[in-house]
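[1] just the structure for this:
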Amino acid sequence: MNPPTKPHPVVTMRDGIRFYDMPGLGYRQILEVPEYRFGDILQEDIVIDIGANAGAFSIRAAFRSGNVHAVEPVTTGILRENIPLNGVHVTVHELALGRGGFAVVCWDNEQKRVETATLGEIISRAGGCDFLKCDCEGAEWHIDPRDLDGIRRLEMELHLPPIGGAPEPRLLDYIARNYEYEVTRVPSHGPLGLLGYLHATRKPR
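    Numbers count the residues shown, from 1 in each chain. Sure thing, here's the model as predicted:
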């Protein structure tokens, strides 16, 4: 999904966020993020958006925090175009969540061989993490629970096969012990392999 050539049609969303329009499977649907809760992002937060795609979450987060990091393996071209269109600053990391090394990642009929990194490595590159949004088509089950230490807020899309592998019990147990959480379930007509959306706030120590 490369940035459009001339002319550059622009779509303005209801909240005023602007995106270059692109053909593709469900592109218009990913430009709004009603499934995520982010009204409590603090100005001083380090925000990491894993699976940033066209920037729908990252750009909105950047109006609240000046330290937003977008992790995206495939659609970095249009992501980098959309960020300045909205006059915000977001640091883009062209890689995928994983266990290290390289992997082939597919999205919307595109596939790329990209670097992968653990969540711990991504946090190190960003200089920390207070608020994590994660939508990475099943790669969330690669997260080492210890890498969540210190993260105040989680917003995470949870997947089931055939998208990615089976849920990782260690990760779910860690979240249950350390966070107050809710999982917003996906209706029966939702996409196959999508369990729901996790909204979690770390319990007071």
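[2] for the nearest residue to residue 139 once chain neighbours are set aside, name its beta-bridge partners.
    Of all residues not flanking residue 139 in the chain, residue 97 sits nearest, at 4.5 Å (Cβ to Cβ, 6 or more residues apart in numbering). All C-beta spots, glycine's among them, are computed from the backbone N, C-alpha and C. As for beta bridges, residue 97 partners with residue 117 under DSSP bridges.
[3] my read: residue 97 touches residue 141, true?
    No. At 9.9 Å, residue 97 and residue 141 do not qualify as touching, with contact defined as Cβ atoms under 8 Å.
[4] what about these two, which has more around it?
    Per other Cβ atoms under 10 Å, whichever of residue 97 and residue 141 has more neighbours is residue 97, with 25 against 18.
[5] spit out the contact partners of the more buried one.
    Residue 97 is in contact with 50-51, 71, 116-119, 122, 134, 136, 139-140, 142-143, counting by Cβ atoms under 8 Å, 6 or more residues apart in numbering.
[6] tell me, what's the model's pLDDT at it?
    As predicted, residue 97 sits at a pLDDT of 97.
[7] how close does it get to residue 202?
    Residue 97 is 20 Å from residue 202, where distance means Cβ to Cβ, to the nearest Å.
[8] quick one: residues in contact with the lowest-mean-pLDDT helix or strand in the chain.
    Ranked by mean pLDDT, DSSP states H and E, the weakest helix or strand in the chain is strand 102-107, scoring a mean of 88. Outside strand 102-107, the residues within contact range by Cβ under 8 Å, 6+ apart are 1, 53, 73-75, 96, 111-116, 137.
[9] pull the most distant pair out of those.
    Taking Cβ to Cβ, the two most distant members of the contacts of strand 102-107 are 1 and 116; they sit 19.6 Å apart.
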